[in-house]
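In: this one's sequence-less:
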């Protein structure tokens, strides 16, 4: 459980600023829990889950957990009511189906016995089919891509199965009997790597009978990865952050990594060796972290200086480990949990009663830099989700498609990292629809909560873009696919070939409609192909070839038919042409 300290006077030197800066308290979010806030997580809608030790929230009887809507208002209908003597919540895990798993010290949910872990439906009502039943406290819950969840804490059994401090649960809450790492002390949090391996931290000194000091990596079957052994010296690793480049940020209470001095902060290469270029340090406990898409990382805990500069309990590091001097929230007491929202704003929870010069009891939201993102469909084969600035770093990105206005979504695949975001190739998307990108966010106490964020967008391809995709594998008006290109060298540019649904990669100029003599005049007739749209056909005549002497000929048929009749007469010369144009 978590205890709030006695309130003490907090004084800090401040500099008057006329405009809000990153790290300043957001005045638009001001709620009043009566005790420590520990865990935080986001749902795909942008709503916020807030959990901890409180028994009142804004004076209401909502205890231990509340949901705030995306606009910051309290969702009073969400009231699972976790309860136990000296109870508190430590972790959330938001499932893709909307259900939410709680972990911590608890005895009942909605009046029904549930020891330390429970699952509720999206409306907060208990999922009665889920009852893992560990014997002691849960500290962290992380969801795998397959829906199974890795759960850590101080327990030694779960559902009657012996499991020391770490277990993997099947989707129905039963223990995965093929996974048994067996740590000899508390496991604070698991962190998933893209290859499915699991990094764990805590005060333990052995895992599966193998010596591992404060940190270890598990293979997907739960056995110890013998190639990974950072060997941390100290009290405990409290948080682990797998960064976009695969490197691993550690926070906690420690003095060395692999025999090299590192004070409470360190960065590892993906294989577990110390990154010598990262030398950031904190003078006290680093309890949690949250990475931004731009590579910056927000850290929080009990420290009062970072890299030798005064920073009370919250700070932001640049990607190279240097201190971001512009970000200084200045919390009055311990920060337990942190989460970055889809808009880049930062939730913090803990024991504090003041942030900067603003009174905030146990919970606050901080302003941040812009969080730009874009979800695009550059071709029928590709979906791209670019994220930058203060957007939260994301993991396990999936893309989904809807063709019925968003009522039903079907998965189309998992994204791979690209510079600035995520991408999925090899698709065959329909001409129009909606696309949704969803991603995991790790947040809260010791990074032990698992939330979700999403972005949605609509797409539709013009007939010309579909034609380009068919013949050039791109929708872009460039290169061989450009309107004015003639890749088959038949004298007809691509725009003209498209106007008649022709193959631009095969010389076929003779297959196009031609002017025909009918008595004393010439006519041109054809039917516009059904798949061609956005094109204007312009028939013209000229008797002198003067560039200014071209005169339009009206279409005397009804679309999609076209019939053009050149004027009759005894001119010695008559020049005819058909042009096509696109917007």
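Out: Okay, I see it. From a predicted model like this one, the values you see are computed outputs, not experimental measurements.
In: count the residues that sit near residue 473.
Out: 11 (other CB atoms under 10 Å). Using the backbone N, CA and C atoms, a C-beta is placed for each residue, glycine as well.
In: quick one: it and residue 379 touch, right?
Out: Yes: taking CB atoms under 8 Å as the definition, residue 473 is a contact partner of residue 379 at 7.5 Å.
In: where does this protein dip in pLDDT?
Out: 1-19, 84-86, 509-510, 569-571 (pLDDT under 70).
In: 80 - rerun?
Out: Applying pLDDT under 80 to the chain picks out residues 1-20, 81, 83-87, 110, 508-511, 568-572.
In: the helices in it, which residues?
Out: Ranges of helices within the chain are 463-472, 494-499, based on DSSP state H.
In: distance to residue 239 added to those helices, as CSV?
Out: Formatted as CSV, the helices of the chain follow (distance: least, CB to CB, whole Å):
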stretch, distance to residue 239
helix 463-472, 45
helix 494-499, 55
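In: Serialize those helices to TSV and add fields for mean neighbour count and distance to residue 70.
Out: What follows is the helices of the chain, written out as TSV (neighbours: other CB atoms under 10 Å; distance: least, CB to CB, whole Å):
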stretch	mean neighbour count	distance to residue 70
helix 463-472	20	34
helix 494-499	23	44
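In: now stretch 270-286: buried residues?
Out: 270, 272, 274, 275, 278, 279, 280, 281, 282, 284, 285, 286 (16 or more other CB atoms under 10 Å).
In: what of stretch 258-269?
Out: 262, 263, 264, 265, 266, 267, 268, 269.
In: go on, stretch 189-198?
Out: Across stretch 189-198, burial judged by 16+ other CB under 10 Å covers 189, 190, 191, 192, 198.
In: quick check, the last one in contact with residue 190.
Out: Put plainly, it is residue 198. Yes: between residue 198 and residue 190 there is a contact at 5.1 Å, judged by CB under 8 Å.
In: which residues do those two both contact?
Out: Taking CB atoms under 8 Å, 6 or more residues apart in numbering as the criterion, residue 198 and residue 190 both touch residue 150.
In: mind listing the strands for the stretch 51-200 of the chain?
Out: All strands of the stretch 51-200 of the chain, identified by DSSP state E, counting those that start in this stretch, fall at 65-68, 88-94, 100-105, 108-109, 112-113, 117-120, 138-143, 149-153, 157-158, 161-162, 166-169, 189-192, 198-201.
In: just the stretch 401-550 of the chain next, same as before
Out: 410-414, 416-418, 421-424, 432-443, 449-460, 516-518, 521-527, 536-542.
In: got CSV for those, with distance to residue 76 and mean neighbour count too?
Out: Formatted as CSV, the strands of the stretch 401-550 of the chain follow (distance: least, CB to CB, whole Å; neighbours: other CB atoms under 10 Å):
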stretch, distance to residue 76, mean neighbour count
strand 410-414, 34, 13
strand 416-418, 40, 13
strand 421-424, 36, 21
strand 432-443, 24, 22
strand 449-460, 21, 20
strand 516-518, 77, 10
strand 521-527, 63, 17
strand 536-542, 58, 16
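In: just send those back as JSON lines, with distance to residue 218 too.
Out: Listed next are the strands of the stretch 401-550 of the chain as JSON lines, based on distance: least, CB to CB, whole Å:
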{"stretch": "strand 410-414", "distance to residue 218": "21"}
{"stretch": "strand 416-418", "distance to residue 218": "22"}
{"stretch": "strand 421-424", "distance to residue 218": "25"}
{"stretch": "strand 432-443", "distance to residue 218": "17"}
{"stretch": "strand 449-460", "distance to residue 218": "17"}
{"stretch": "strand 516-518", "distance to residue 218": "78"}
{"stretch": "strand 521-527", "distance to residue 218": "66"}
{"stretch": "strand 536-542", "distance to residue 218": "64"}
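In: dump the residue contacts of the nearest residue to residue 386 once chain neighbours are set aside.
Out: Closest residue in space to residue 386, ignoring its immediate chain neighbours: residue 421 at 3.9 Å, by CB to CB, 6 or more residues apart in numbering. Counting by CB under 8 Å, 6+ apart, residue 421 makes contact with 293, 373, 384, 385, 386, 387, 388.
In: so which of the residues you listed comes closest to residue 554?
Out: Nearest to residue 554 among these is residue 384, at 44.5 Å by CB to CB.
In: the closest one touches residue 423, doesn't it?
Out: Yes: with contact defined as CB under 8 Å, residue 384 reaches residue 423; the gap is 4.8 Å.
In: tell me which two of the contacts of residue 421 sit farthest apart.
Out: 293 and 384 (14.2 Å).
In: looking at the helices of the chain, which is closest to residue 101?
Out: When the helices of the chain are compared by CB to CB, helix 463-472 sits nearest residue 101, at 42.3 Å.
In: and the strands in the stretch 201-350 of the chain, which stretches?
Out: Using DSSP E, counting those that start in this stretch, the strands of the stretch 201-350 of the chain run over 206-207, 210-211, 215-218, 232-242, 248-257, 260-261, 265-268, 286-291, 297-301, 305-306, 309-310, 314-317, 335-340, 346-350.
In: same for the third one, what does it pack against?
Out: Same thing as strand 215-218. Counting by 3 or more CB pairs under 8 Å, 6 or more residues apart in numbering; DSSP states H and E, the packing neighbours recorded for strand 215-218 are strand 198-201, strand 232-242.
In: just checking: what are the partner strands of the shortest one?
Out: Just to be clear, that refers to strand 198-201. strand 189-192 (antiparallel), strand 215-218 (antiparallel) (DSSP bridges).
In: among those, which is nearest residue 258?
Out: Judged by CB to CB, the one of those that comes nearest to residue 258 is strand 215-218, at 10.7 Å.
In: who touches that closest one?
Out: By CB under 8 Å, 6+ apart, the residues outside strand 215-218 that reach it are 181, 183, 193, 197-201, 204, 207, 210, 224-225, 228-230, 232, 237, 240, 250, 272.
In: buried residues of it, list them for me.
Out: 215, 216, 217, 218.
In: thanks again, I'm all set now.
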